[in-house]
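J.: What shape does this take:
(one chain, ligands or ions: 1)
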Amino acid sequence: MTLRIGDTAPDFTIDTTEGPINFHDWAKGSWVFFFSHPADYTPVCTTEMGRTSQLAPEFEKRNVKPLGLSTDSVDAHKGWINDINETQNTVLEFPIVADKELEVAQKYDMIHPNESATATVRSVFIIDPNQKIRLIMTYPMTVGRNFNEILRVIEALQTTDREEVACPADWTPGDSVIIRPNVSDEDAKEKFPQGWKTVKPYLRLTDIK
Ligand code: BEZ
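T.: Numbers count the residues shown, from 1 in each chain. Have a look, this model is predicted:
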C-alpha cells in the first residue's frame with residue numbers, strides 16, 4: 001500500500017512489548033514517531049533504540065509517543081531491550097511492535113523487497129493527533145537515523161500548525177519563519193503585527209515568540 005502525506009495512518013491491533021495495542025486508540029491525542037528497524041540484536045538498531053529511549057523527555061515535552069517495529073517476536077524484543085538498556089545507558093519504556101506476520105509492515109510499505117524480503121527498512125512516519133501522516137522518511141539498513149532531525153521536524157510541524165507559517169531550510173526553533181505565499185500583505189499585517197522583512201515579494205520572514 002502506498003501511503004502519502006495527508007493520509008490517515010492505517011489502524012492495526014497487534015502485540016507489542018507493552019502488551020497488545022490498537023494503534024488509533026493508543027495514539028489518540030498525541031503525535032506519534034512510528035519507526036521500523038530491520039531486526040533485533042543488530043548494531044545500528046541498538047543505537048537507534050537507545051537514542052529514542054534517551055530522548056524520552058524530549059518526545060514527551062512535544063506530546064510525541066515513540067512506537068518501534070520490527071518483524072521479530074515480543075520475546076526477542078524483550079531480550080534485546082536488556083542489551084539496549086545495558087549498552088546505551090537507558091531504560092527503554094516505549095512499545096515495540098512484534099510484526100511477525102508482516103501485517104503492519106505491509107500496510108505501511110516498510111518492506112522494500114530489493115533490500116530484504118522479510119526485514120523492514122528504516123521507515124519513519126510522523127503522525128499528528130488527528131492521525132494524519134505528516135512526514136515520511138526512509139533510511140537504508142546500514143545508516144542510522146539522525147534523531148536531532150526527527151525532533152526538529154516535529155517541532156517545525158507543530159510550529160507551522162500553531163502559527164500558520166512555513167519553515168525555511170535548516171530551520172531550528174528560535175529562527176525566523178516564512179509567511180506563507182497565500183497570505184496577502186494586508187492579511188499579514190493583522191496576523192503578524194510584529195512586522196516582517198520582505199526579501200522578495202514571495203519570501204517574507206518574520207519572528208515569532
Ligand atoms: C543494524 O541494525 O546494525 C543492521 C541491520 C541490518 C543490516 C545492517 C545493519
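J.: I'd say residue 152 and residue 172 touch.
T.: Yes - Residue 152 is in contact with residue 172 according to C-beta atoms under 8 Å; the separation is 6.0 Å. C-beta coordinates here come from the backbone N, C-alpha and C atoms, glycine included.
J.: can you map out the strands along this protein?
T.: Counting by DSSP state E, the chain has strands at residues 13-14, 21-22, 31-36, 64-70, 96-98, 122-127, 133-139, 165-166, 177-179, 197-200, 203-206.
J.: Which among those strands is found nearest to residue 45?
T.: Judged by C-beta to C-beta, the one of the strands of the chain that comes nearest to residue 45 is strand 64-70, at 7.5 Å.
J.: Would you tell me whether the closest one gets close to the ligand?
T.: No - Strand 64-70 stays clear of the ligand (C-beta under 6 Å from any ligand atom), getting no nearer than 9.6 Å.
J.: Close to the ligand: what parts of the protein are there?
T.: Residues of the chain found near the ligand (C-beta under 6 Å from any ligand atom) are 38, 39, 42, 43, 44, 45, 141, 142.
J.: now the helix ranked longest in the chain, how far from the centre of its chain.
T.: Using DSSP state H to define each element, the chain has its longest helix at helix 147-163. Relative to its chain's centre, helix 147-163 lies at 10 Å (C-alpha atoms, centre = their mean, to the nearest Å).
J.: tell me what that helix is packed against?
T.: strand 31-36, helix 43-54, strand 122-127, strand 133-139, strand 177-179 (3 or more C-beta pairs under 8 Å, 6 or more residues apart in numbering; DSSP states H and E).
J.: Could I get the buried residue list for the longest one?
T.: In other words, helix 43-54. The neighbour-count check on helix 43-54 (16 or more other C-beta atoms under 10 Å) flags 44, 45, 46, 47, 48, 49, 50, 51, 52, 53 as buried.
J.: And the furthest pair within these?
T.: Using C-beta to C-beta, those reach their maximum pairwise distance at 44 and 53, which is 15.1 Å.
J.: how's this protein carved up into domains?
T.: Following automatic domain parsing, one gets these domains for the chain: 13-145, 163-206.
J.: Just the terminal-to-terminal distance for the last one.
T.: Looking at domain 163-206, the gap from its leading to its trailing residue is 11 Å under the measure C-alpha to C-alpha, to the nearest Å.
J.: pLDDT (mean, whole number) over that domain?
T.: The average pLDDT for domain 163-206 rounds to 97.
J.: likewise the first one?
T.: Taken as a whole, domain 13-145 has an average pLDDT of 97.
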